[in-house]
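In: sequence and predicted structure are below.
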Amino acid sequence: MRNLVPIAAFLLLLPLSAFALPASTPAIASESQITVTGDGIPAETFNLPRIYGDWFATPADAHASLTLRTAAAAVHQAQLGIEWDGKSLTQTIGKSLTQTIREANNSGVGGNNRFGFSLHLSGSGANNQDAMPRGADAITVTITSMDDLTLDAAISGSVTGSGPLQIAGTIKIHRDVAPGLVSGSFGDCDPHIRDKLAGAEWRSPSECEVKFDTYVRQGLAPVIAPVEANLTQAGWVENKKPDLDPIDSIPRHSEKAPYQLVNRGGGAFAMAFSLRQDSPVYQQYNQAAMDAMQTAMKAGGAGGSMDVAQNAARALQENTSIDIAIVINQASAGITDFKGGHTVTPLAGGGYSIEVPYAQPATGGGPDAAVRATYLLLGAWAPPGSSTQTSGPENIQVKGNLNPSRLMAVQNVRIRIQGGTALAQQVIKLMDWSALQQLIAGK
């Protein structure tokens with residue numbers, strides 16, 4: 001799970017007087033209330049008309065992530081954060097379902113199998129504390145009605161703030177229009193987006209998004225399998241493998257554009273190799289770099305000795321490490337070349353190869369961190385603007401000719417290979433291009 005806001009913990013850090021919850025869409029009406037007793041509070045009831053969050057219920061699953069608040073004019077302010085996941089993980093009582101929130105499962109972060117309960121009271125004395133389940137505390141949620149429009153539930157139990165508190169109340173919320181957010185379709189799947197991450201930067205994916213993401217990752221695996229096999233047999237260590245696990249979160253609003261693989265840190269589909277340091281090739285380049293640096297230090301950098309040392313260090317990096325990252329369905333590719341000199345070569349099967357001698361690293365940085373990288377653009381791409389730039393910094397822009405109505409299809413592919421020219425060409429020759437062409441063709 002990525003880019004998730006710890007909902008309960010985050011909200012408790014903000015004073016109610018300074019925190020404005022965004023409006024929910026569609027609008028939700030709340031007749032919820034909670035009664036708090038104990039630790040100097042004599043059974044005070046808080047009406048909670050303001051609400052932010054979401055919920056859903058399907059035949060197989062259900063989830064609620066809610067933040068409820070007192071009216072702005074209330075003398076004593078209260079904010080209740082509550083979350084539960086699943087149809088029922090405890091028991092069925094008649095037609096009601098019950099969920100239990102304890103310290104052990106009170107995560108405060110949305111997602112599958114997540115539960116949360118937090119109470120923030122803002123005022124003076126006992127009415128100024130934060131409470132949640134601790135120790136033997138437990139909150140029971142009894143759900144009597146839960147569908148796309150209505151949620152009715154009773155809550156009861158104990159929590160601990162500055163002292164023990166007893167909680168009793170009801171959640172009674174309603175909306176006139178059910179959420180209708182959908183993704184693209186991919187075969188036999190459900191495109192409806194049912195979000196378990198209300199309040200987080202990312203959202204839950206639809207079943208179709210999960211299915212298509214898995215399809216693409218599994219389709220790319222055989223493309224790079226010969227590369228992995230050849231390099232590891234030749235003494236290279238695979239430091240990073242592509243992530244093939246199903247996704248459980250995705251950037252918000254991504255459903256509006258052709259699907260892109262979710263970036264999981266280091267690239268959407270990325271791998272990295274390094275040459276073993278005891279190999280003769282590594283030792284050769286490493287010794288040359290060390291010798292050049294010693295010479296430069298003795299010369300005080302005079303006579304271009306520092307340039308020689310930097311070039312030797314660059315040769316070490318280019319010939320002993322390989323980073324490969326693959327993305328799909330980019331609207332454009334922007335490539336920074338700090339010193340110019342890039343070359344564009346049309347590929348025999350369609351597409352372009354762009355070699356950039358002083359590219360910006362994928363992690364960012366300036367000219368001092370420049371690396372050699374080769375970009376392969378396949379599928380729906382416009383021709384690059386120029387084939388050769390002899391000198392000077394440049395920003396290479398290539399437009400992706402995407403069809404915006406084809407949301408769940410591989411329309412273009414960009415492969416970035418960071419490493420020396422010879423290594424990049426070796427990787428290109430090892431890749432299974434027929435598997436990649438089948439993925440682009442949708443076969």
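Out: Happy to help now that I have it.
In: quickly find the element holding A292.
Out: Applying DSSP states H and E as the criterion places A292 in helix 280-299.
In: contacts for that helix, please.
Out: 275-277, 305-306, 308-309, 311-313, 315-316, 319-320 (CB atoms under 8 Å, 6 or more residues apart in numbering). The C-beta positions use only the backbone N, C-alpha and C, and glycine is treated the same way.
In: and it, what's buried?
Out: Across helix 280-299, burial judged by 16 or more other CB atoms under 10 Å covers 282, 285-286, 288-289, 292-293, 296.
In: could you dump those residues to CSV with distance to E394?
Out: Formatted as CSV, the buried residues of helix 280-299 follow (distance: CB to CB, whole Å):
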residue, distance to E394
Y282, 32
Y285, 28
N286, 32
A288, 30
A289, 28
A292, 28
M293, 30
A296, 29
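In: which of the residues you listed sit farthest apart?
Out: Y282 and A296 (21.2 Å; CB to CB).
In: follow-up on the earlier one: next secondary structure after the helix holding A292?
Out: Assignment by DSSP H and E places the next element after helix 280-299 at helix 305-320.
In: ok and the helix holding A292 relative to helix 305-320, angle-wise?
Out: 170 degrees (axes from the mean of the first three to the mean of the last three CA atoms, to 10 degrees).
In: avg pLDDT for helix 280-299?
Out: On average, the pLDDT along helix 280-299 is 89.
In: ok, now stretch 425-443?
Out: Here the average pLDDT along stretch 425-443 is 90.
In: buried ones in it?
Out: Residues of stretch 425-443 classed as buried by neighbour count (16+ other CB under 10 Å): 426-428, 430-433, 435-437, 439-440.
In: those residues in helices, which ones?
Out: Under the assignment DSSP state H, those contribute 426-428, 430, 433, 435-437, 439-440 to helices.
In: how about a markdown table for the residues you listed, with distance to W55 added?
Out: What follows is those, written out as a markdown table (distance: CB to CB, whole Å):
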| residue | distance to W55 |
| --- | --- |
| Q426 | 53 |
| V427 | 48 |
| I428 | 50 |
| L430 | 49 |
| W433 | 47 |
| A435 | 42 |
| L436 | 42 |
| Q437 | 44 |
| L439 | 37 |
| I440 | 39 |
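In: re the thing from before, only the buried subset of the contacts of helix 280-299, as a PyMOL command please.
Out: Selection of buried members from the contacts of helix 280-299 for PyMOL, criterion 16+ other CB under 10 Å:
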select buried, resi 275+305+306+308+309+312+313+315+316+319+320
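In: how about a markdown table for the contacts of helix 280-299, with distance to D147 and pLDDT added?
Out: A markdown table is the format used below for the contacts of helix 280-299 (distance: CB to CB, whole Å; pLDDT from 0 to 100):
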| residue | distance to D147 | pLDDT |
| --- | --- | --- |
| L275 | 59 | 95 |
| R276 | 59 | 93 |
| Q277 | 61 | 92 |
| S305 | 75 | 84 |
| M306 | 71 | 86 |
| V308 | 72 | 88 |
| A309 | 69 | 85 |
| N311 | 67 | 86 |
| A312 | 68 | 88 |
| A313 | 64 | 88 |
| A315 | 65 | 89 |
| L316 | 63 | 90 |
| N319 | 62 | 93 |
| T320 | 59 | 93 |
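In: can you tell me the SS state at Q218?
Out: Here Q218 is recorded as helix under DSSP: H, G, I helix; E, B strand; the rest coil.
In: tell me the buried residues in stretch 395-410?
Out: In stretch 395-410, the ones that count as buried by 16+ other CB under 10 Å are 396, 398, 400, 402, 407-410.
In: widest-spaced pair of the residues you listed?
Out: I396 and M408 (29.0 Å).
In: find the nearest non-adjacent residue to T214, please.
Out: P246 (5.6 Å; CB to CB, 6 or more residues apart in numbering).
In: secondary structure element for that neighbour?
Out: Short version, using DSSP H and E: P246 is in no helix or strand.
In: sorry, back to before: between the buried residues of stretch 395-410, which is nearest C189?
Out: Distances from C189 to the buried residues of stretch 395-410, taken by CB to CB, are shortest for M408, at 9.2 Å.
In: who's in contact with that closest one?
Out: Each residue near M408 by CB under 8 Å, 6+ apart is listed here: 183-186, 208, 212, 259.
In: out of those, list just those in strands.
Out: Judged by DSSP state E, strands contain none of the contacts of M408.
In: can you put those in CSV and add distance to G340, neighbour count and pLDDT?
Out: Formatted as CSV, the contacts of M408 follow (distance: CB to CB, whole Å; neighbours: other CB atoms under 10 Å; pLDDT from 0 to 100):
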residue, distance to G340, neighbour count, pLDDT
S183, 41, 24, 96
G184, 40, 20, 95
S185, 45, 16, 95
F186, 42, 21, 95
C208, 43, 24, 97
F212, 39, 25, 97
Y259, 34, 25, 96
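In: in helices only, show me those residues.
Out: 208, 212.
In: domains in the chain, by residue range?
Out: Per the record, the chain has its domains at 7-174, 205-441, by automatic domain parsing.
In: the last one: end-to-end distance?
Out: From its first residue to its last, domain 205-441 covers 24 Å (CA to CA, to the nearest Å).
In: then stretch 182-191?
Out: Stretch 182-191 has an end-to-end distance of 5 Å (criterion: CA to CA).
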